[in-house]
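Novice: Task: produce atomic coordinates for the following.
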Amino acid sequence: MYHLLKQPAYPGYLHMLNNGAATTWEYWNGERSRVHNCYNGIGNWFYQAVGSIRSDEDNPGYRHFFIDPQVPERVTWAHISIETPYGIVVVNVKFLLR
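Specialist: Now for the predicted structure:
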């Protein structure tokens, strides 16, 4: 997933951003709808990996959750929040470059 995020050429999320995308496109190459969530696994990646917020499968709906940061290469900070039925979970993380 991280390689698709950084990739400036087609296919890649950075390719979409470099071509004016404000949302993920329906097709990687930009044909048809450009307002679609087909490839929005990236959103989950931000919450779960960079933001470190993972729901507990034994307690669904974020009644209980884990904060377990994964440090992607060259990422120096993250501010993630997610609204849950039990309130807002906020994580602010600063990573040291390796």
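Novice: all contacts plus neighbour counts: C-alpha atoms, from now on.
Specialist: Will do.
Novice: Where do the helices of this structure begin and end?
Specialist: 2-6, 13-18, 41-45 (DSSP state H).
Novice: List the buried residues of the second one.
Specialist: Going back to what we said before, that points to helix 13-18. By neighbour count with 16 or more other C-alpha atoms under 10 Å, helix 13-18 contains the buried residues 13-16.
Novice: quick one: which of these is nearest to R54?
Specialist: Using C-alpha to C-alpha, Y13 comes nearest to R54 of the buried residues of helix 13-18, at 22.6 Å.
Novice: how much space between that closest one and N92?
Specialist: Y13 sits 24 Å away from N92, taking C-alpha to C-alpha, to the nearest Å as the criterion.
Novice: Then N18?
Specialist: On the measure of C-alpha to C-alpha, N18 and N92 end up 27 Å apart.
Novice: again, but for A78
Specialist: A78 is 6 Å from N92, by C-alpha to C-alpha.
Novice: who's more crowded, these two?
Specialist: Neighbour count, other C-alpha atoms under 10 Å: between A78 and N92, A78 has more, with 18 against 11.
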